[in-house]
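*Asks:* generate a structure from the sequence data that follows.
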Amino acid sequence: MKKSFSVLFVLVVVLGVSLVNVQFTVKAEMNSIFAPGEWQVPTSVKAKAVDVTADGAPSYLQLVTNGITINAPAKICHQFTGAQYDWVAEVRQLVDETWVKVKTTTTLVNTSGESVFTACAQAKKAGTYALFAYYHVAVADVGPGNEDTCENSDKWTRGTVTILDMLNNPAPEWLDLYSNGIKVASSGEICHPIPAGVTNMVAEIWELKSGVWTKIKTTNKYIPPIDGVYMACAKAPEAGIYALFGYISN
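*Replies:* Numbering: from 1, shown residues only. Okay, the predicted model is just below:
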């Protein structure tokens, strides 16, 4: 009986090692609707799915997969359907309790006759990685003749980032500046990420007009409603310069 158990134990260990060596995908159970499926890694790399949190990542980011631990540098990829909805993928490495950004490329890959968006990054070190994402409206590439129409909106959903002169155009003293300035060419909704779960933080979008800051009605919501980023949003009444301010209420 003892001998049979020993043989069975050895077979289980050998089989387990073999499976680790040939694996190509690593299951991540908590993946969101924006990142279904599994991590993809080279067969020569040992990988393991691990539970992680968004602690240590910028507040505007949404964690959309479990983590993956690899034992060597490798190209790691994950399906990312969020690209269809103007979300941007970022693979990040956990370094000293901080999620550090790794250059990430999202492309449309044809697999078995079906095209899917896939986010990939070249992990230069062994370690723990995860896929994050944030909402950002796509803009056109800058080309000859359209420099003035191309937007560089940073974390805003639209517009072009502009430098604010707070010395000559001060805001009310009780407000803290929470964003870069944004210049929009037309009226319409503008949104900026804010931390979720901070119940006593009040976020307000203000317009700079003739050197004076004027408050615009602001509401907070998730964009999109499911697995979205928490944002402060307002309807810009006209073309102009806007910024996100806020304060902590008592």
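*Asks:* in the chain, where is pLDDT below threshold?
*Replies:* Residues of the chain meeting the criterion pLDDT under 70: 1-31, 112, 136-153, 197-199, 226-227.
*Asks:* how about the helices in it?
*Replies:* 2-22 (DSSP state H).
*Asks:* could you break it into its assigned domains?
*Replies:* Annotated domains of the chain cover 23-135, 160-248 [automatic domain parsing].
*Asks:* just those domains: most buried one?
*Replies:* Among the domains of the chain, domain 23-135 has the highest mean neighbour count (mean count of other C-beta atoms under 10 Å), at a mean of 17. Every residue, glycine included, has its C-beta placed from N, CA and C.
*Asks:* with only the CA atoms kept, save stretch 89-108 in CSV.
*Replies:* Provided in CSV are the C-alpha atoms of stretch 89-108 (Å, rounded to 0.1, in the frame of the first residue of the first chain):
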residue,chain,number,x,y,z
ALA,A,89,-5.1,49.0,-21.8
GLU,A,90,-2.0,49.3,-19.6
VAL,A,91,0.0,46.3,-18.5
ARG,A,92,1.8,47.2,-15.2
GLN,A,93,4.4,45.4,-13.0
LEU,A,94,4.1,45.3,-9.2
VAL,A,95,7.4,46.8,-7.9
ASP,A,96,7.7,47.5,-4.1
GLU,A,97,3.9,47.8,-3.7
THR,A,98,3.6,50.1,-6.7
TRP,A,99,2.1,49.3,-10.1
VAL,A,100,4.7,50.5,-12.7
LYS,A,101,3.6,51.0,-16.3
VAL,A,102,5.0,48.8,-19.0
LYS,A,103,4.8,49.8,-22.6
THR,A,104,1.6,48.2,-23.9
THR,A,105,0.3,47.7,-27.5
THR,A,106,-3.3,46.9,-28.3
THR,A,107,-3.9,45.3,-31.7
LEU,A,108,-6.7,43.5,-33.6
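*Asks:* can you give the contact residues for that stretch?
*Replies:* Stretch 89-108 is contacted by residues 35, 52, 54-58, 61, 64, 67, 76, 78, 80, 82-83, 88, 115-125, 127-134 when judged by C-beta atoms under 8 Å, 6 or more residues apart in numbering.
*Asks:* now with 6 Å?
*Replies:* 56-57, 80, 83, 115, 117, 119-121, 127-129, 131-133 (C-beta atoms under 6 Å, 6 or more residues apart in numbering).
*Asks:* with stretch 62-80 instead?
*Replies:* With C-beta under 6 Å, 6+ apart as the criterion, stretch 62-80 contacts 26, 28, 30-32, 34-37, 39-42, 45-50, 52, 54, 89, 106, 116-120, 122-124, 126, 128-133, 229.
*Asks:* and it, how far from the chain's centre?
*Replies:* 14 Å (C-alpha atoms, centre = their mean, to the nearest Å).
*Asks:* and the end-to-end length of that stretch?
*Replies:* 13 Å (C-alpha to C-alpha, to the nearest Å).
*Asks:* check stretch 60-75 too.
*Replies:* Terminal-residue distance, stretch 60-75 (C-alpha to C-alpha): 25 Å.
*Asks:* how far does it sit from its chain's centre?
*Replies:* The answer for stretch 60-75 is 12 Å, by C-alpha atoms, centre = their mean.
*Asks:* do the same with stretch 83-90
*Replies:* The answer for stretch 83-90 is 8 Å, by C-alpha atoms, centre = their mean.
*Asks:* need the residue closest to the centroid of the protein.
*Replies:* A133 (2.1 Å; C-alpha atoms, centre = their mean).
*Asks:* quick one, what contacts that one?
*Replies:* A133 neighbours (C-beta under 6 Å, 6+ apart): 34, 62, 64, 82, 87, 89.
*Asks:* check the gap between the nearest residue to the fourth one once chain neighbours are set aside and Q84 for me.
*Replies:* If I follow you right, that is G82. Nearest in space to G82, with sequence neighbours left out and distances taken as C-beta to C-beta, 6 or more residues apart in numbering, is F34 at 3.4 Å. Remark: distance between F34 and Q84 (C-beta to C-beta, to the nearest Å) = 9 Å.
*Asks:* nothing else from me, thank you.
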